[in-house]
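> below: sequence and its predicted model.
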Amino acid sequence: MPSRNRPATPDAKLPKIPLSDISFEHLASDHDLLSFSCRQQELNDYLTADALKNQDAHVAVTYLAVYDGKCVGYFSVLNDSIIKKDIDPEDDKDWYAHSYYPAVKIARFATHQDYEGRDIGRAMLTAIRSIATEVAKHSGCCVLTIDAKPDAEPFYERFGFHRTLKTKKKNTIPMYRCNIF
């Protein structure tokens, strides 16, 4: 029997969920996280075992995407920087004399598997841009960074992310997006 949130056939598509129907909640100890399930077990484990600990230690902050009372996605963000020589010269600001650009890093990003393809990821990226805009009012921030899983690279490319010029990691692809405002 198919889940009530998944289509009965692989070709059937569920409607997109409008951004206005999704709320974003700062992770708290009273959130029910056990029902969250994405295709990457490592991301499920992070949410249930490590996200709150990292948040309490001021290492990363996690937000839940909530739709119809259910956690349908989450992301964690933290402060970062990106070295100038790792970005495309077209993205470089010639007048900026420092070696690194300040950034907000998307540390974790996952959509509940029953809600894939319904614009939850787009909504979360919109929320992250809003957070980065708010951060930039209080501290330097002009780039978003992420270490993407190889199968997620096309998703991030659709939203303006590019590979860094130097890739040092084996199991992730360092990516960035300038012009976040």
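The structure has been received and is ready for your questions.

> checking the closest residue to residue 172 other than its chain neighbours next. Helix, strand or coil?
In space, residue 172 comes closest to residue 147 once its chain neighbours are excluded; the distance is 3.8 Å by C-beta to C-beta, 6 or more residues apart in numbering. All C-beta spots, glycine's among them, are computed from the backbone N, C-alpha and C. Following DSSP: H, G, I helix; E, B strand; the rest coil, we place residue 147 in the strand state.

> bridging residues for residue 147?
residue 174 (DSSP bridges).

> that one: what's it in contact with?
169, 172-175 (C-beta atoms under 8 Å, 6 or more residues apart in numbering).

> just give me the closest of those residues to residue 82.
Relative to residue 82, the closest of the contacts of residue 147 is residue 174; by C-beta to C-beta it sits at 8.4 Å.

> thought the closest one was touching residue 163?
Yes - the criterion here is C-beta atoms under 8 Å, and residue 174 meets it with residue 163 at 7.0 Å.

> on that earlier part again, buried subset of the contacts of residue 147, written for ChimeraX?
A single ChimeraX command selects the buried members of those (16 or more other C-beta atoms under 10 Å):
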select :173,174,175
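
> which parts of this structure are strands?
Secondary structure of the chain, counting by DSSP state E: strands at 23-26, 61-67, 70-83, 100-111, 143-148, 162-163, 173-177.

> who's the residue nearest to the spatial centre of the chain bridged to?
Central residue of the chain (C-alpha atoms, centre = their mean): residue 109, 3.9 Å from the mean position. When assigned by DSSP bridges, residue 109 has beta-bridge partners residue 75.
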